[in-house]
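S.K.: Let me see the structure of the following:
(chains A and B)
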Amino acid sequence: MLNAIRRFFGEKPSSQVAKRRMQVVLMHDRMDIEPDLMESLKNDILAVLSRYMEIDQKSIRVDLEQGKDYTALVSNVQVKRVYRHAHSN
Amino acid sequence: MAGKTIVVTSGKGGVGKTTTVANIGTMLAKKKYNVCMIDADIGLRNLDVVMGLENRIVYNLIDVIEGNCRKAQAMIRDRKLTNLCMIPAAQTREKNAINPEQMKNLCQELAEEFDFVFIDCPAGIEQGFKNAVAGAQTAIVVTTPEVSAIRDADRVIGLLEAGLLRDIHLIINRLNQRMVKKGDMMSTADILSLLAVPLLGVVPESEEVVISTNRGVPLVHQKGSKAGRAFSNIASRLNGEDVPIEEDKSDGFFAKVKRFMQS
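M.R.: Numbering: from 1, shown residues only, chains lettered A, B, ... in the order given. From the prediction side, this is the model:
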């Protein structure tokens, strides 16, 4: 009954609060990615992009950006030319 | 053919590692397999009391590793099942009295003799953890539906994977269905979405567990116990039998869980 009243006033069930908090916490914990893993991620992104466009290999940057309640993968790549068809390699 | 070596671990203490080892080990022995359980929690041994074998200890794990006794001398036979035994931890020594290489060798030797070798891992992620996981091919991570246990389980899963132990299974212990229904406890589906390892079983919260440890008789010996049945189903799944996860009638997430397991 108490729960029903609480929910009526817009309070989320505690289990969903817990889940949401854990999603963020675990993301933070897992962020301690080793540099070589980051490097191979970068190379993989590069390889995929290269099939569709010519890119400046030296310009690529891959970072994990931490917001208050999210983590974003931010990548900056300079595109030189876009191919008309995908190159398979 | 060599037997399976399985470490039961959790990161956080008090989530039910020892209870899990005692019950799954006993159940597999009831299925006529030869089972050996190693208590790797040096300095804080407990598997002996949970199994009701505390009065029979003469030698321990470190005695075996240091060669003070033969392996067979440290193995304590179960009171009911002759094909079940345990090697107790040393109570008065420290975790760095042994190293991962020695544990690995011991587990390999035991796997020649037994169908299943269980290693009861200490809490934490230091030397004791490293020793306990060194000789295992499979890991069972035990968690409860609480934030602290889940976070630690996630850490442990990360460490296991980094140590190239990739055969990891999850047990959710002490799930309170009534609280899940009320929205006050994370459900099986919630936990699986966070941890993303295959589910081996869900054990309901139960007073019977306390009573059985009081008596030193594993729950799986007791008929009609819900938690006991959950443990025996887990043992069956470990043995490759196709036993569906007990249905959560309340939250209808069962289909989701099942899909997750099959993916």
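
S.K.: Residue numbers of chain A in contact with chain B?
M.R.: Counting by Cβ under 8 Å from any Cβ of the partner chain, the positions of chain A adjacent to chain B are A:3, A:7, A:13-16, A:18-19, A:21-23, A:25-26, A:29-30. In this view, the C-beta of every residue, glycine as well, is placed from N, C-alpha and C.

S.K.: and the longest helix for chain B?
M.R.: When chain B is parsed with DSSP state H, its longest helix is helix B:147-162.

S.K.: just checking, what packs against that helix?
M.R.: The contact analysis (3 or more Cβ pairs under 8 Å, 6 or more residues apart in numbering or on different chains; DSSP states H and E) places helix B:147-162 against helix A:14-30, helix B:127-134, strand B:138-143, strand B:168-175, helix B:188-195.

S.K.: Run through who's touching that helix.
M.R.: For helix B:147-162, the surrounding residues in contact (Cβ atoms under 8 Å, 6 or more residues apart in numbering or on different chains) are A:18, A:21-22, A:25-26, A:29-30, B:9-12, B:15, B:125, B:129, B:133, B:139, B:141-143, B:166, B:168, B:170, B:186, B:191, B:194-195, B:197.

S.K.: Relative to chain A, how far out is the residue nearest to B:Asn176 when sequence neighbours are not counted?
M.R.: Among residues not flanking B:Asn176 along the chain, B:Glu205 sits closest, at 4.6 Å (Cβ to Cβ, 6 or more residues apart in numbering or on different chains). Between B:Glu205 and chain A the distance is 15 Å, computed by Cβ to the nearest Cβ, to the nearest Å.

S.K.: B:Glu205 contacts B:Val180, doesn't it?
M.R.: No: contact criterion Cβ atoms under 8 Å: B:Glu205 and B:Val180 do not qualify, at 10.4 Å.

S.K.: Between those two, point out the one with more neighbours.
M.R.: Set B:Glu205 next to B:Val180 and count neighbours by other Cβ atoms under 10 Å in any protein chain shown: B:Val180 wins out with 22 against 18.

S.K.: Strands of chain A, residue ranges please.
M.R.: Assigned by DSSP state E, the strands in chain A fall at A:53-55, A:61-66, A:71-76, A:79-82.

S.K.: Pull the number of nearby residues for A:Lys58.
M.R.: Neighbours of A:Lys58 under the rule other Cβ under 10 Å: 6.

S.K.: Tell me the confidence at it?
M.R.: Reported pLDDT at A:Lys58 in the predicted model: 82.

S.K.: Contact partners for the residue of the stretch 101-250 of chain B found nearest chain A?
M.R.: Nearest to chain A in the stretch 101-250 of chain B, going by Cβ to the nearest Cβ, is B:Gly183, at a distance of 2.8 Å. Neighbouring residues of B:Gly183 by Cβ under 8 Å, 6+ apart: A:3, A:7, A:13-16.

S.K.: okay, and for the chain, where does confidence drop off?
M.R.: Assuming you mean chain A. Applying pLDDT under 70 to chain A picks out residues A:1-3, A:33-34, A:67-69, A:88-89.

S.K.: could you do chain B instead?
M.R.: Within chain B, the ranges that satisfy pLDDT under 70 run B:1, B:248-263.

S.K.: which residues of it fall in helices?
M.R.: Under DSSP H, chain B gives helices at B:17-30, B:47-51, B:61-66, B:71-74, B:100-113, B:127-134, B:147-162, B:177-182, B:188-195, B:207-215, B:226-238, B:254-262.

S.K.: For those, give me a markdown table that also has distance to A:Ala86.
M.R.: A markdown table is the format used below for the helices of chain B (distance: least, Cβ to Cβ, whole Å):
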| stretch | distance to A:Ala86 |
| --- | --- |
| helix B:17-30 | 51 |
| helix B:47-51 | 58 |
| helix B:61-66 | 59 |
| helix B:71-74 | 61 |
| helix B:100-113 | 48 |
| helix B:127-134 | 44 |
| helix B:147-162 | 33 |
| helix B:177-182 | 47 |
| helix B:188-195 | 34 |
| helix B:207-215 | 58 |
| helix B:226-238 | 44 |
| helix B:254-262 | 32 |
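
S.K.: just to revisit the earlier point, derive a ChimeraX selection command for the buried subset of the residues of chain A next to chain B.
M.R.: Filtering those down to the buried ones (16 or more other Cβ atoms under 10 Å in any protein chain shown) takes a single ChimeraX command:
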select /A:13,14,15,18,19,22,26
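
S.K.: quick revisit: could I get the strands of chain A as TSV with mean neighbour count and distance to B:Glu247?
M.R.: As requested, the strands of chain A are arranged in TSV below (neighbours: other Cβ atoms under 10 Å in any protein chain shown; distance: least, Cβ to Cβ, whole Å):
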stretch	mean neighbour count	distance to B:Glu247
strand A:53-55	15	50
strand A:61-66	12	39
strand A:71-76	11	35
strand A:79-82	10	52
